[in-house]
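Engineer: the following block contains a protein sequence and its predicted model.
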Amino acid sequence: MPHSSTSPFGPSGAFPDTRFSVVRATGSDDPQLREDAWGTLIQSYWKPVYKYIRIKWRADEEDAQDLTQEFFARALDADFFRRFDPARARFRTYLRVCVHGFVANEFKAASRKKRGGEYRMLSLDFDGAERELRSTGVASDVDADEFFRQESIRALFGDAVAELRATLEQAGKHAHMTVFERYDLAEADAGSRPTYQQLADEMDLPVTQITNYLAYARRELRRIVLERLRQISGTEHEFRLEAIDLLGVDPSDVAF
Amino acid sequence: MWLSDRTLDHLRAVADEPDLSGTRYQLAEPVGRGGMGRVYRARDTGLDRDVALKILHTTEAGEADRLIAEAKILARLEHPGIVPVHDAGTLPDGRVFCAMKLVRGTRLDALARDTADLPERLRIFQRICETVAFAHAHGVLHRDLKPQNIMVGSFGEVLVLDWGIASQITRTAIGPDTVSPATDAEPTARGARIGTPGWMAPEQEQGRTASITERTDVFGLGAILRELVETAPRVQGAKPPARLRAIIERATAAQPADRYRDVPTLADDVGRFLAGVAVSAYREPFVERTTRLARKYRTPILLVLTYLAMRVLFIVIADA
């Protein structure tokens, strides 16, 4: 039965508050906090930034790698994100504009070769990002902002699924992850998702258990996505707008 | 982990899907959405019937309170024009839901594109008025009346939907027309402006909540009437009848005091227009009144004239 409580947040709140905005923490006076914040920010955004430079600026792989490394290194040195004004734009948009300006200046100065990989300091899987770009098949006339947004969402969900796997395995919930992978991940591309009954037969479980496992995994995924989103959003307001966008609800459509 | 566009779209959709585990509902498909949440068709396995599950997409306390308030209001209003509520509560994922009768029909704005007949439109409008008047009689204001919130069933039955920002009205001792929304126990007062731009009465648009009364809903009904009349097919260049325009003007007057005092009075004027008799909103010039009466009583007038002509003819023949 549904919970009798009318509290929308349930016991702990469905919009999690266990993680705070790392955007603000990049300007913290606490060096450890600042370092952690930068790590999270780079982890969340380096792939969209790299792909954006590759697609929008048609940079070759080596240049795009250098520029990605250099962008984050300079941002760290110059404390780029302290200038972020949430009243003017969402953080993702601000970040893309920063990247755009940075790359434009770099190309203008024609200084690529002189740098010679001076800022190669981050361990980033550029080969993996290249494979993803090839798999995505980006159209040449793609809208830059939309592309950056889509890649940010892809990175967010990709990281969330990886965290979900780690969380479930650590909790000994292997069957939950198997059901989630079989139903929501592995077969999604083939368009031939197994039925609950098929999964129940394969795993020798009742159908109700399959639906419960799947519901649990999805609930955890939603929680992780929202937690990560909160971390990489500039403000609480931005987080809520992003959450609504991300989960597919169009606020302008008012008819119920 | 890399996810294809298709997998990503699927995950975004399922991450938003309500978690119905442990409830008696099975999700079937989304059937509508709005700024606050989504509506799904679901199977009530306990009673073996389809229901509409309205589920908030956020867990904002204010929004949740509004949905619960809507459920409570609807549960109180038993009327054929108001969708019955079966259940309400909180899902395991923390989101608030409301289970309602699944209604099938056509939204009024879509229907207005297909239904050519003005009298039929006006009869539908009268049924909308009956429902809103019933709510008012039970102390409830809708405050968001618009064609998108009206559903017309296949047998012509009318349903007024989305009571999400409805509020309780309390009659004061000042007089029969002085009603005002209950103060801020009402969960809908999230901000000064509530309603839909383009359909809101001026007092609602300006956030003058103390001025929101039954006449605010009269304005919303007047705006719906205008939409129904103006979109009705007619001879090119012809205006809608003056009496009907006068009804719309009175219903949508900027000052609440200049509007119909309540919904039954508005409905009555529309009924009088349909019956071809004088309406309270319009003082007819003599010629227009005569023409209307001549048109309304065409058959008896023709019979009398025929009778008189025959008498004259008989007299003439007899004299000859």
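Structural biologist: Structure's in. What do you need?
Engineer: where does pLDDT dip in the stretch 1-150 of chain B?
Structural biologist: Low-confidence segments of the stretch 1-150 of chain B, defined by pLDDT under 70: B:34-36, B:57-61, B:116.
Engineer: run the last query once more with 90
Structural biologist: Scanning the stretch 1-150 of chain B for pLDDT under 90 picks out the ranges B:1-23, B:26-39, B:54-78, B:83-85, B:88-98, B:101-107, B:109-118, B:120, B:138-144, B:148-149.
Engineer: just chain A next, same as before
Structural biologist: For chain A (pLDDT under 90), the answer is A:1-44, A:51-52, A:54-67, A:69-98, A:100-151, A:183-199, A:206-216, A:218-220, A:222-223, A:225-256.
Engineer: leaving out sequence neighbours, find the closest residue to the residue nearest the centre of it.
Structural biologist: With distances taken as Cα atoms, centre = their mean, the residue of chain A nearest its centroid is A:Leu156 (1.7 Å). In this structure, A:Leu156 finds its nearest non-sequential neighbour in A:Arg228, 5.8 Å apart by Cβ to Cβ, 6 or more residues apart in numbering or on different chains. Yep, even glycine has a C-beta here, placed from its N, CA and C like the rest.
Engineer: one more: B:Ala15?
Structural biologist: Counting by Cβ to Cβ, 6+ apart, the residue nearest B:Ala15 is A:Arg222, at 4.5 Å.
Engineer: could you say what helices and strands the stretch of helix or strand the one you found belongs to packs with?
Structural biologist: If you go by DSSP states H and E, A:Arg222 is part of helix A:207-232. Counting contacts by 3 or more Cβ pairs under 8 Å, 6 or more residues apart in numbering or on different chains; DSSP states H and E, helix A:207-232 is packed against helix A:22-25, helix A:31-56, helix A:144-170, helix A:174-180, helix A:196-203, helix A:236-246, helix B:5-16.
Engineer: in CSV, list those helices along with distance to B:Gly139.
Structural biologist: CSV is the format used below for the helices and strands packed on helix A:207-232 (distance: least, Cβ to Cβ, whole Å):
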stretch, distance to B:Gly139
helix A:22-25, 47
helix A:31-56, 51
helix A:144-170, 46
helix A:174-180, 49
helix A:196-203, 47
helix A:236-246, 33
helix B:5-16, 36
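Engineer: comparing those, which comes out most buried?
Structural biologist: helix A:22-25 (a mean of 21; mean count of other Cβ atoms under 10 Å in any protein chain shown).
Engineer: residues making contact with that one?
Structural biologist: A:33-34, A:36-38, A:40-41, A:81, A:84, A:91, A:231-234 (Cβ atoms under 8 Å, 6 or more residues apart in numbering or on different chains).
Engineer: off-centre distance for it?
Structural biologist: Centre-to-centre, helix A:22-25 and its host chain are 16 Å apart (Cα atoms, centre = their mean, to the nearest Å).
Engineer: please export the C-alpha coordinates of it as CSV.
Structural biologist: Taking Å, rounded to 0.1, in the frame of the first residue of the first chain, the C-alpha atoms of helix A:22-25 are listed here in CSV:
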residue,chain,number,x,y,z
VAL,A,22,30.6,21.6,-6.1
VAL,A,23,30.4,24.7,-8.3
ARG,A,24,30.4,26.9,-5.3
ALA,A,25,32.9,24.7,-3.5
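Engineer: tell me which of the contacts of helix A:22-25 is nearest to B:Tyr307?
Structural biologist: A:Ser233 (85.3 Å; Cβ to Cβ).
Engineer: that closest one reaches A:Glu242, doesn't it?
Structural biologist: Yes: look at A:Ser233 against A:Glu242 with Cβ atoms under 8 Å: they come within range, at 5.6 Å.
Engineer: what touches both of those two?
Structural biologist: A:Arg90.
Engineer: sketch out the low-pLDDT regions of the stretch 151-300 of chain B for me.
Structural biologist: Where the stretch 151-300 of chain B drops to pLDDT under 90, the residues are B:153-157, B:161-200, B:203-213, B:230-242, B:275-278, B:281-300.
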